[in-house]
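S.K.: sharing a model that was predicted from the sequence below.
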Amino acid sequence: MADPVAGDRSGARPWLSAYPPGVPAEIDVERLGTLVDLIDHGTAAYADRPALISFGKSVSYGELGAASDGVSSWLGALGMAKGDRVALMMPNVAAYPAALLGVLVAGCTAVNVNPLYTPRELIGQLDDSGARILFVLENFAHTVAEALPKLPKLERVVIVGPGDCLGLKGKVIDIASRYIKRAVPPFALPPRIVTRFDAVLRAGRKLPRHRIAVGPDDLAFLQYTGGTTGIAKAAMLTHRNIVANVEQCRTWFRVSGEDGQERVMVTALPLYHIFALTACFFFFLDIGGCCLLIANPRDVDGFVKTLASSRFTHLSGVNTLYNLLVNHPKLGTIDFSGNGYHIAGGMAVQAAVAAKWKAATGRVLIEGYGLSETSPVATINPVDLDEWSGTIGYPVSSTDITIRDADGRDVPYGEPGELCVRGPQVMAGYWKRPDETRAAMTEDGYFRTGDVATMAASGAVRIVDRMKDMILVSGFNVYPNEVEDVLAKHPSVLECAVVGSRCEDGEVVVAHVVMKGEAVAPEVLKAHARSELTGYKVPRRIVFHESLPKTNVGKVLRRALRDLDS
């Protein structure tokens, strides 16, 4: 191995010595097969185990497999061919996994759509993907109706009810609809293109079982990304990408479906987001675990009430979600005593949140890192940490990471540079964007993440910030994450985000803050920041808000805050 202070790290993989016992340096990607193999095995081997819990109702793997077969047969009868795109526009309701698995078994490519999209955003994504069929929760069908005149490629719309796949009727469905916090609106879709989801299942179950042979290199997902950085583009994720990432997760956590342990993952992040899709749903399908689906985690009171009345063993979320929970007055009603790991990803975990979470629940936040382009898991911390590490951990098996400067050279250990990832979970490229694909990849096959990071001599990686979010103050680099981490320690601050604002000399630091109660004077927060930060990093302005703009998974939209000054 190269001298860790020299900077020449070619071929070095220092993280291997930090791997937990039993975690291999490599996984055998060639023996893994496809997502269809994973689906067939999981729904048969764990047929009697609960796969999902939604609105208090359980769905077994056997029932999930039967529903997905019905969807697959219906798609086959419509003449859907291998690789045809099918879009899914739903929050975490039981019909989403059933429809998704059916789409994959039918050999089609799934296109996940944020149900909160506006008609303009929906048109852009469906037109770009060329989706022929759309499954949409009825609460959001009005968006489809408004967008439909500009969607000539869309042939069929399947309307899903919140209680579908659960046997819920009448008043219980109304409760489910209210839980999602969107009243079912009237919509005007041409009857000739509309089918109800329950009708799809009834029709599909009368048809011959439909199976299309797919290979590891076939496209499983067009996973759209770019919501925090600009125009959305689709990462092409193959069957190999996802199953490799599932195997990387399984080997890291050293679990299997044969150990007989009951595992219930609180799945609050939407399954249409890559974090929950792979790290919760497909991972737990592989090991026979159960996903406790939370349809609307933004309803924090309802979320806490569900957790207080449910048995679960694991939790996953982003920093903002953990922050909301740990500051909720009824957090104490939730029983965490039987829990295993609590996973955090999707955005940087703040030290103050990690400390509060450990104090309140007794559980350490195990932070990992990934992107849509990496299926998503690229790094993760050991599960048995005694304290939050402040890093994103180590590259998972069969994954190489380098930290490079603007000229593409590896930087010395401890120095910041762009985080670059290579492994079997890295996407095949961007859909219909060869120029963007070339720009995102290095000549030696690494994906350029756009994140600034450092690597310790041990191989542990620490995220500094997004390259595009860096603030240039009088020639000095200021990374918003560092300033936010300091401000979040103030006892009156609930959440905060830091951005740069243009000025005559370049940029100044502006902090956007949500307080827990009454606002303190801006000078108080500046003085707090000044106690831990050098002068040019201290916010020049403090702007108070009732809430901060966020993505669908709770990641703060710094771009939207920067736009306030434009």
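M.R.: It's in.
S.K.: list the contacts of stretch 370-379.
M.R.: With contact meaning Cβ atoms under 8 Å, 6 or more residues apart in numbering, stretch 370-379 is reached by 223-225, 235, 237, 241-242, 244-245, 248-249, 274-275, 278-279, 345, 368-369, 392-396, 399, 401, 421, 423, 425-427, 440, 447, 449, 461. Any C-beta I mention is one placed from the backbone N, CA and C, and that applies to glycine too.
S.K.: which of those residues fall within strands?
M.R.: Judged by DSSP state E, the contacts of stretch 370-379 include 223-225, 235, 237, 368-369, 394-395, 401, 421, 447, 449, 461 as members of strands.
S.K.: what mean pLDDT does stretch 124-135 have?
M.R.: Average pLDDT, stretch 124-135: 97.
S.K.: just stretch 372-392 next, same as before
M.R.: So the average pLDDT for stretch 372-392 ends up being 97.
S.K.: thinking again about what came up before, out of the ones in strands among the contacts of stretch 370-379, which are buried?
M.R.: Buried subset of the ones in strands among the contacts of stretch 370-379 (neighbour count, 16 or more other Cβ atoms under 10 Å): 223-225, 235, 237, 368-369, 394-395, 401, 421, 447, 449, 461.
S.K.: is it possible to export these to TSV including distance to residue 304?
M.R.: Converted to TSV, those look like this (distance: Cβ to Cβ, whole Å):
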residue	distance to residue 304
223	30
224	31
225	30
235	34
237	33
368	24
369	27
394	33
395	35
401	37
421	36
447	38
449	34
461	33
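S.K.: surely residue 212 is in contact with residue 84?
M.R.: No. Assessed by Cβ atoms under 8 Å, residue 212 is found out of contact with residue 84, at 10.1 Å.
S.K.: distance from the chain centre to the host helix or strand of residue 143, please.
M.R.: Element membership for residue 143 (DSSP states H and E) is helix 141-147. From the chain centre to the centre of helix 141-147 is a distance of 25 Å (Cα atoms, centre = their mean, to the nearest Å).
S.K.: quick check: next helix or strand after that helix?
M.R.: strand 156-160.
S.K.: tell me the strands beside that following strand, with direction?
M.R.: Here strand 156-160 is paired, per DSSP bridges, with strand 133-137 (parallel), strand 194-196 (parallel).
S.K.: what's next to stretch 411-420, contact-wise?
M.R.: The set of residues external to stretch 411-420 that reach it, using Cβ under 8 Å, 6+ apart, is 4-7, 9, 401-406, 410, 442, 446-457, 461, 463-464, 467.
S.K.: excluding chain neighbours, what is closest to residue 53?
M.R.: Closest residue in space to residue 53, ignoring its immediate chain neighbours: residue 292 at 4.8 Å, by Cβ to Cβ, 6 or more residues apart in numbering.
S.K.: count the residues that sit near the one you found.
M.R.: A count of nearby residues for residue 292, using other Cβ atoms under 10 Å, gives 24.
S.K.: ramachandran angles for it?
M.R.: Residue 292 adopts backbone torsions of phi -80, psi 100, taken as degrees, to the nearest 10.
S.K.: and it, what does it touch?
M.R.: By Cβ under 8 Å, 6+ apart, the contact set of residue 292 is 53, 264-267, 306, 310, 312.
S.K.: closest to residue 153 out of those residues?
M.R.: Checking these against residue 153 with Cβ to Cβ, the nearest one is residue 267 at 31.2 Å.
S.K.: that closest one and residue 281 touch, don't they?
M.R.: Yes. The criterion here is Cβ under 8 Å, and residue 267 meets it with residue 281 at 7.0 Å.
S.K.: separation between residue 462 and residue 390?
M.R.: Applying Cβ to Cβ, to the nearest Å, the value for residue 462 to residue 390 is 7 Å.
S.K.: which of those two has more neighbours?
M.R.: Using other Cβ under 10 Å, the more surrounded residue of residue 462 and residue 390 is residue 462, with 20 against 15.
S.K.: may I ask which two of the ones in strands among the contacts of stretch 370-379 are separated the most?
M.R.: Farthest pair in the ones in strands among the contacts of stretch 370-379, by Cβ to Cβ: 224 and 394, 28.6 Å.
S.K.: so which strand or helix has the spatially closest residue to residue 471 that is not a sequence neighbour?
M.R.: Excluding the flanking residues, the one nearest residue 471 by Cβ to Cβ, 6+ apart is residue 500, at 3.5 Å. Here residue 500, judged by DSSP H and E, is contained in strand 493-503.
S.K.: quick one: buried residues of the helix or strand that that strand is followed by?
M.R.: Following strand 493-503 in sequence order, the next helix or strand is strand 506-515 (DSSP H and E). When neighbours are counted by 16+ other Cβ under 10 Å, the buried residues of strand 506-515 are found to be 507-513, 515.
S.K.: for stretch 120-138, same thing?
M.R.: Using 16+ other Cβ under 10 Å as the test for burial, stretch 120-138 gives 121-126, 128-138.
S.K.: let's see which of those residues end up in strands.
M.R.: The members of the buried residues of stretch 120-138 that map onto strands under DSSP E are 133-137.
S.K.: could you dump the residues you listed to a markdown table with distance to residue 154?
M.R.: Shown next, in a markdown table, are these (distance: Cβ to Cβ, whole Å):
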| residue | distance to residue 154 |
| --- | --- |
| 133 | 8 |
| 134 | 6 |
| 135 | 12 |
| 136 | 11 |
| 137 | 16 |
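S.K.: wait, which of those is closest to residue 205?
M.R.: Here the nearest of those to residue 205, counting by Cβ to Cβ, is residue 135; it sits at 17.1 Å.
S.K.: counting neighbours, what do you get for residue 247?
M.R.: Residue 247 has 23 neighbouring residues, counting by other Cβ under 10 Å.
S.K.: identify the residue spatially nearest to it, adjacent ones excluded.
M.R.: Using Cβ to Cβ, 6+ apart and skipping the chain neighbours, the partner closest in space to residue 247 is residue 27 (5.0 Å).
S.K.: got a list of what that neighbour touches?
M.R.: By Cβ under 8 Å, 6+ apart, the neighbours of residue 27 are 244, 247-248, 251, 397-398, 424.
S.K.: can you tell me the SS state at it?
M.R.: For residue 27, the assignment made with DSSP: H, G, I helix; E, B strand; the rest coil gives coil.
S.K.: distance of it from residue 243?
M.R.: Going from residue 27 to residue 243 by Cβ to Cβ gives 10 Å.
S.K.: how is this protein carved up into domains?
M.R.: For the chain, automatic domain parsing gives the domain ranges 14-29+266-287+300-466, 34-235, 471-563.
S.K.: give me the number of residues near residue 492?
M.R.: Residue 492 is flanked by 14 other residues according to other Cβ under 10 Å.
S.K.: quick check, pLDDT for it.
M.R.: We have a pLDDT of 95 for residue 492.
S.K.: that one touches residue 517, doesn't it?
M.R.: Yes. If you go by Cβ under 8 Å, residue 492 and residue 517 touch, sitting 6.9 Å apart.
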